[in-house]
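> next come a sequence and a model predicted from it.
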Amino acid sequence: MSLLTSLIRASTQFQQAMERKSPAEGTGKTAQADSLTPDAAGNPGDDRFTPSGTSTDDLASLKSRKLAMTDYRQTVGQDLAFVKETLRHKLAEYNVHPATAIEVNKNSSGSIGVDGRISEETRARIENDLNVNAEFKSAFNRLSVNEPTLHFVDNALKLNQAYGVNNPVLETLISENQQFNGLQDLVHRYDSLRRTVSSELQSSADGNQGYAFSLNTQA
C-alpha cells in the first residue's frame, strides 16, 4: 500500500468519523439556533459578518487556495526536465534507442540506480556516470523529496475541488502563516507526518525507504 493511498484512507476515515459525529451535535445546535432572535441573523443592508456553520471549512479552503501551486510545479518541473534531458543524452551517448523506458531510483544509501531493457554493461556505465554527475544527483535528490509531496498536495486539492471535502491530512501540512508555506516547508511537514502517522503506515514506509520513478525519455 502506497503512502499516498494510506494518507487518503486516513483522511477518509477521519471525515467519516466527523460525519457520524455531526447528527449528535446537530440537536444541540438546532436548539441553540431556535433560541436566537431574528435580529441575530442580520437585517437587509446590515454589513456585519454573520458566522455560518461552514466557516471552519471555508477557512480551510481559503488556506488551501493560497498555496503557490504554480511555483511548486515550476520548481519540480525544472528538476524533472533536467533529469529527463540528461537521460536522453546518456542514452544517445551509448547508442540506446531513444524510446527505451528506464527506471531511475535512489536507494537508502543515496546511490542512484538504473533499470531498463538495456545490456548490463551499458546499464552499469550509465549508472556510474549519473553517480559522478553532481548536478544530476542534486536534481534527483530534490525530486526524491519534492515530487512525492507535490503529488500528495496536488491530488488532495483536486479531490477537494471535485467533492468539496477538505482533506484533514492536507490541513496539517498548511501553516496559518503563508510565509511558512513554501515547498520546502510542506516537504518538511510531509516527511514528519510520514514518520509519525501510525504503526501500520510506519511499517510500510520502513519497507520502502528508497525512491524511484519511471521515465520514458521521449515523453
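Ah, there it is.

> the chain: helices as residue ranges?
In chain order, the chain shows helices spanning 3-34, 55-65, 69-93, 120-131, 134-163, 168-173, 183-196, 199-206, with DSSP state H as the criterion.

> rank the ones you listed by pLDDT, which is bottom?
Among those, helix 199-206 carries the lowest mean pLDDT, at a mean of 47.

> what sits up against stretch 67-85?
The contact list for stretch 67-85 (Cβ atoms under 8 Å, 6 or more residues apart in numbering) reads 104, 135-136, 139-140, 142-143, 146-147, 150, 153-154, 157, 174, 181-183, 186, 215, 217. The C-beta positions use only the backbone N, C-alpha and C, and glycine is treated the same way.

> rerun at 10 Å
Stretch 67-85 is contacted from outside by 104, 130, 135-136, 138-144, 146-147, 149-151, 153-154, 157, 170, 173-174, 178, 181-184, 186-187, 213, 215-219, using Cβ atoms under 10 Å, 6 or more residues apart in numbering.

> pull out the buried residues from that stretch.
The neighbour-count criterion (16 or more other Cβ atoms under 10 Å) identifies 67, 72, 75, 76, 79, 80, 82, 83, 84 as the buried residues of stretch 67-85.

> just send the residues you listed back as JSON lines, with distance to residue 164 too.
Supplementary listing: these in JSON lines, determined by distance: Cβ to Cβ, whole Å:
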{"residue": "67", "distance to residue 164": "17"}
{"residue": "72", "distance to residue 164": "23"}
{"residue": "75", "distance to residue 164": "29"}
{"residue": "76", "distance to residue 164": "27"}
{"residue": "79", "distance to residue 164": "33"}
{"residue": "80", "distance to residue 164": "31"}
{"residue": "82", "distance to residue 164": "37"}
{"residue": "83", "distance to residue 164": "36"}
{"residue": "84", "distance to residue 164": "36"}
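
> list the buried ones in stretch 179-193?
181, 182, 183, 185, 186, 187, 189, 190, 193.

> farthest-separated two in those?
Based on Cβ to Cβ, the longest span within the buried residues of stretch 179-193 runs between 182 and 193 and measures 16.7 Å.

> ok, residue 156 touching residue 64?
Yes - with contact defined as Cβ atoms under 10 Å, residue 156 counts as touching residue 64 (8.1 Å).

> put the buried members of the contacts of stretch 67-85 into a ChimeraX selection.
Command for ChimeraX that selects the buried part of these, burial taken from 16+ other Cβ under 10 Å:
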select :104,130,136,139,140,142,143,144,146,147,149,150,153,157,170,173,174,181,182,183,186,187,213,215,217
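
> now residue 123, nearest residue through space, not along the chain?
Among residues not flanking residue 123 along the chain, residue 114 sits closest, at 5.5 Å (Cβ to Cβ, 6 or more residues apart in numbering).

> what of residue 191?
In space, and not counting its chain neighbours, residue 191 is closest to residue 145: 6.9 Å by Cβ to Cβ, 6+ apart.

> quick one: residues contacting that neighbour.
183, 184, 187, 188, 190, 191, 211.

> closest to residue 93 out of the residues you listed?
Using Cβ to Cβ, the contacts of residue 145 come closest to residue 93 at residue 211, 24.7 Å.

> what's the pLDDT at the closest one?
Reported pLDDT for residue 211: 63.

> okay, and the common contacts of residue 156 and residue 64?
166, 167, 170, 171, 173.
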